[in-house]
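K.L.:
got a predicted structure here, sequence first:
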Amino acid sequence: MNQSEETPPTVITLTLPTPERGGIAPERATATLLIQRGDLAQVRQFHYTGYLPDVMEAIREATEALSVLADNPPVVPDLPAEKPRPEPKKKAKATQKPQPQADEEPTIDIPLRKGVKAVKMSHLKIVGGENDAAAYRQAVLIAGRLIAGGLWDGESQIRINDVYTTMKNMKHLTDRDFSLFSLEDFVQTGAVTEMTDTSDDGDNTKDIVPAASASLNGHHPDEASTLL
């Protein structure tokens, strides 16, 4: 006969309490019997006070129960196969295209009573009169007076015809007095009308460039101007 057709041996494991002082206390008089045959097994507990008939009776009952179990073995369903866990998807690093940096227009810092305000150079021009460094300083101070008086917000273009005359006209005005005037009373606004100039001088409109009272993009020189 093939070895696979042989009846597997019966294995009995018996756990008994140990007598102490000539006997076994009632609360400890419990024994355990494990009987196995192949894949089947029975576990029983019985009362044991140290007598062999108790053990034999327990073995007999366990053997009969195991035989009944062998004749009608329980159907144990197979455990479902564990599905392999999907590997976490690696996030592809988004390739960021470098954004082209827009050319920022240089600004002039207009000194105010509290801090400064950066104004684009194209928003402040001298269109007549002198345009030396002293004139540039006057133009920046004029811009500061117009902002402080609430006539100009620095976001639109203004053109100063004669910085010295304009400064003379507003010299004795307080910030509140500017509410009695309009922006056009001191400077030119709106779009510049293009005219053909045949002279060698070219366009007489001058951008305000950094002088002692102004700086490009928030960087101040050593010398600072004082508000009138």
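P.N.:
Perfect, I can see it now.
K.L.:
list the strands paired with the helix or strand where L33 lies, with their directions.
P.N.:
Here L33 sits within strand 30-37, counting by DSSP states H and E. Under the criterion DSSP bridges, strand 30-37 sits next to strand 10-15 (antiparallel), strand 40-47 (antiparallel) in its sheet.
K.L.:
just the C-alphas of it, formatted as PDB.
P.N.:
Provided in PDB are the C-alpha atoms of strand 30-37 (Å, rounded to 0.1, in the frame of the first residue of the first chain):
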ATOM      1  CA  THR A  30      -8.800  20.200  35.900                       C
ATOM      2  CA  ALA A  31      -6.900  18.300  33.200                       C
ATOM      3  CA  THR A  32      -6.700  18.900  29.400                       C
ATOM      4  CA  LEU A  33      -6.600  16.200  26.800                       C
ATOM      5  CA  LEU A  34      -5.700  16.900  23.100                       C
ATOM      6  CA  ILE A  35      -6.200  14.000  20.600                       C
ATOM      7  CA  GLN A  36      -5.000  14.400  17.000                       C
ATOM      8  CA  ARG A  37      -5.200  12.300  13.900                       C
END
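K.L.:
may I see the buried residues of that strand?
P.N.:
31, 33, 35-37 (16 or more other CB atoms under 10 Å). Every C-beta, even on glycine, is put in place using the N, C-alpha and C of the backbone.
K.L.:
quick one on the thing from earlier: among the strands paired with strand 30-37, which comes closest to S156?
P.N.:
strand 40-47 (96.0 Å; CB to CB).
K.L.:
by mean pLDDT, show me the worst of the strands paired with strand 30-37.
P.N.:
In terms of average pLDDT, strand 40-47 trails the rest of those, at a mean of 82.
K.L.:
and the next element down the chain from that strand?
P.N.:
helix 52-71.
K.L.:
for that next one, which outside residues touch it?
P.N.:
Here helix 52-71 makes contact (CB atoms under 8 Å, 6 or more residues apart in numbering) with 10, 12, 14, 16, 31, 33, 35, 37, 40-42, 44, 46-48.
K.L.:
can you tell me which of these lies closest to D177?
P.N.:
Set against D177, the nearest of those by CB to CB is A41 (108.0 Å).
K.L.:
what sits against that closest one?
P.N.:
Contact analysis of A41 by CB under 8 Å, 6+ apart lists 34-35, 66.
K.L.:
how far away is it from D78?
P.N.:
As defined by CB to CB, to the nearest Å, A41 lies at a distance of 19 Å from D78.
K.L.:
same deal with G50?
P.N.:
As judged by CB to CB, G50 and D78 stand 45 Å apart.
K.L.:
now, among the buried residues of strand 30-37, which is nearest to P86?
P.N.:
Q36 (41.0 Å).
K.L.:
number of residues surrounding the nearest residue to that closest one once chain neighbours are set aside?
P.N.:
For Q36, ignoring the flanking residues on the chain, the nearest one in space by CB to CB, 6 or more residues apart in numbering is V11 at 4.5 Å. Per other CB atoms under 10 Å, the neighbour tally for V11 reads 11.
K.L.:
quick check: bridge partners of A41?
P.N.:
Q36.
K.L.:
re the thing from before, quick one: the buried residues of strand 30-37 as JSON lines, columns for pLDDT and distance to S182 too.
P.N.:
Shown next, in JSON lines, are the buried residues of strand 30-37 (pLDDT from 0 to 100; distance: CB to CB, whole Å):
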{"residue": "A31", "pLDDT": "85", "distance to S182": "113"}
{"residue": "L33", "pLDDT": "82", "distance to S182": "112"}
{"residue": "I35", "pLDDT": "84", "distance to S182": "112"}
{"residue": "Q36", "pLDDT": "85", "distance to S182": "109"}
{"residue": "R37", "pLDDT": "83", "distance to S182": "112"}
